[in-house]
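Engineer: predicted model and sequence below, questions to follow.
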Amino acid sequence: MTLLAAQNLSVRLGGTDILSGITLALEPGEIVTIVGPNGSGKSTLLRALLGLISPAKGTVTRAKSLSIGYVPQRLHIDRPMPMTARRFLSLPKRCTDAQAMDALTRCGVADAGPRQLADLSGGQLQRVLLARALLNQPDLLILDEPTQGLDQPGEAAFYTLIAEVRRDTGAAVLLVSHDLHVVMAASDRVICLNGHICCEGAPDVVREAPEYRALFGAGTQGALALYRHDHDHSHGPDTPHEHGPNCDHDHTPASAKKAAHV
Ligand SMILES: Nc1ncnc2c1ncn2[C@@H]1O[C@H](COP(=O)(O)OP(=O)(O)OP(=O)(O)O)[C@@H](O)[C@H]1O
């Protein structure tokens with residue numbers, strides 16, 4: 001049973017096409033990571049899947065009575081505002097002390113309840129946010145850059161936690177990241193987004209091909225940055241991009257061809 005699916009989804013914001021032709025499906029218990037450069041539409045895609053943005057075209061379908069836990073990219077409360085983690089867990093929906101303790105313990109921050117949000121480290125705060133998302137016993141967790149601002153060990157620990165949550169609760173996880181480096185071990189599937197789905201695949205497949213580096217630049221040092229590039233689409237005619245040696249199709253942007261009179 002598919003939990004959530006998008007069919008040929010396009011989103012237009014402020015008169016600009018942000019996403020086009022997105023087709024994807026999330027199955028129970030899988031961990032799927034969306035990667036893509038800044039501004040490639042990752043948060044927009046999550047918001048469209050959540051129903052927070054109306055698509056210009058296409059459809060989003062959710063399984064009946066699907067429960068979703070969402071951790072947005074930014075916490076829209078004033079961190080200096082006095083608020084304990086325990087109180088935060090009861091917003092907007094009240095939870096019991098036992099439920100709060102269970103969620104905090106599961107997320108490795110059992111003692112965070114009485115602490116002020118402002119006093120928590122970045123990693124602890126992310127865990128409290130995850131704990132809050134778990135309170136509804138979600139079938140699907142949607143996490144928008146949950147490790148933003150964490151150092152690499154913190155990031156790795158957080159992804160280990162996500163894998164444990166999936167194991168213990170059976171929840172599927174859809175998350176956004178900039179960087180495959182740490183995500184790889186925890187993801188069943190990776191979707192590379194740049195306004196459209198450029199490529200997707202299992203991490204072990206992704207490791208074997210050079211496409212991720214082409215999209216993200218040399219900054220990744222090629223670390224785990226490799227995708228098989230199964231094209232089921234055409235790139236926009238003027239979208240410049242590069243691909244690895246295994247690609248057998250012409251990626252010369254149309255504009256370059258025009259310029260070169262090819
Ligand atoms: N409400 C809006 N109105 C107009 N444009 C928007 C709106 N929200 C987002 N955008 C634009 O849509 C594009 C995609 O934004 P989005 O936040 O989805 O990208 P992202 O991949 O999540 O980026 P980042 O990695 O920087 O978080 C950006 O160019 C952004 O400026």
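Structural biologist: Happy to help now that I have it. Small disclaimer: the values here were computed from a predicted structure and weren't measured.
Engineer: nearest to the ligand: which residue in the stretch 151-262 of the chain?
Structural biologist: His178 (6.1 Å; Cβ to the nearest ligand atom). Quick note: C-beta positions are derived from backbone N, CA and C, even for glycine.
Engineer: who's in contact with that residue?
Structural biologist: Contacts for His178 (Cβ atoms under 8 Å, 6 or more residues apart in numbering) come out as Val35, Gly36, Pro37, Asn38, Glu145.
Engineer: just the closest of those residues to Pro82, please.
Structural biologist: The closest of the contacts of His178 to Pro82 turns out to be Glu145 (Cβ to Cβ; 26.2 Å).
Engineer: how close does that closest one sit to Gln126?
Structural biologist: Separation of Glu145 from Gln126 (Cβ to Cβ, to the nearest Å) stands at 10 Å.
Engineer: the two: which is more packed in?
Structural biologist: Gln126 (27 against 19; other Cβ atoms under 10 Å).
Engineer: follow-up on the earlier one: from the contacts of His178, which land in helices?
Structural biologist: Among these, no member falls in helices (DSSP state H).
Engineer: out of those, which is most surrounded?
Structural biologist: Val35 leads the contacts of His178 on contacts (other Cβ under 10 Å) with 27 neighbours.
Engineer: and the pLDDT for that residue?
Structural biologist: Here, the pLDDT recorded for Val35 equals 86.
Engineer: now do Val71
Structural biologist: 88.
Engineer: please apply the same query to Phe158.
Structural biologist: 87.
Engineer: from the contact counts, what lies against the host helix or strand of it?
Structural biologist: According to DSSP states H and E, Phe158 maps onto helix 152-169. Helix 152-169 is packed against strand 31-35, helix 97-106, helix 122-134, strand 140-144, strand 172-177, helix 180-183, with contacts defined by 3 or more Cβ pairs under 8 Å, 6 or more residues apart in numbering; DSSP states H and E.
Engineer: what does the fourth one contact?
Structural biologist: Strand 140-144 is touched from outside by 3-4, 26, 42-43, 46, 49-50, 66-73, 130, 133-134, 162, 165, 171-176, with contacts defined as Cβ under 8 Å, 6+ apart.
Engineer: follow-up on the earlier one: which one of the helices and strands packed on helix 152-169 lies closest to Met83?
Structural biologist: helix 122-134 (10.7 Å).
Engineer: got the buried residues for that closest one?
Structural biologist: When burial is assessed from 16 or more other Cβ atoms under 10 Å, helix 122-134 yields the following buried residues: Gly123, Gln124, Leu125, Gln126, Arg127, Val128, Leu129, Leu130, Ala131, Arg132, Ala133, Leu134.
Engineer: the nearest residue to the second one once chain neighbours are set aside and the ligand, how far apart?
Structural biologist: So the one you mean is Gln124. For Gln124, ignoring the flanking residues on the chain, the nearest one in space by Cβ to Cβ, 6 or more residues apart in numbering is Val109 at 5.4 Å. In this view, Val109 and the ligand are 25 Å apart by Cβ to the nearest ligand atom, to the nearest Å.
Engineer: quick check: phi and psi at Val109.
Structural biologist: phi -130, psi 50 (degrees, to the nearest 10).
Engineer: please apply the same query to the one 3 residues further on.
Structural biologist: Reported as degrees, to the nearest 10, the phi and psi values for Ala112 are phi -80, psi -20.
Engineer: which one is it nearest to, not counting chain neighbours?
Structural biologist: Using Cβ to Cβ, 6+ apart, the nearest residue to Ala112 is Ala85, at 4.4 Å.
Engineer: residue contacts, that neighbour?
Structural biologist: By Cβ under 8 Å, 6+ apart, the neighbours of Ala85 are Leu104, Val109, Ala112, Gly113, Pro114, Arg115, Gln116, Leu117, Leu120, Val128.
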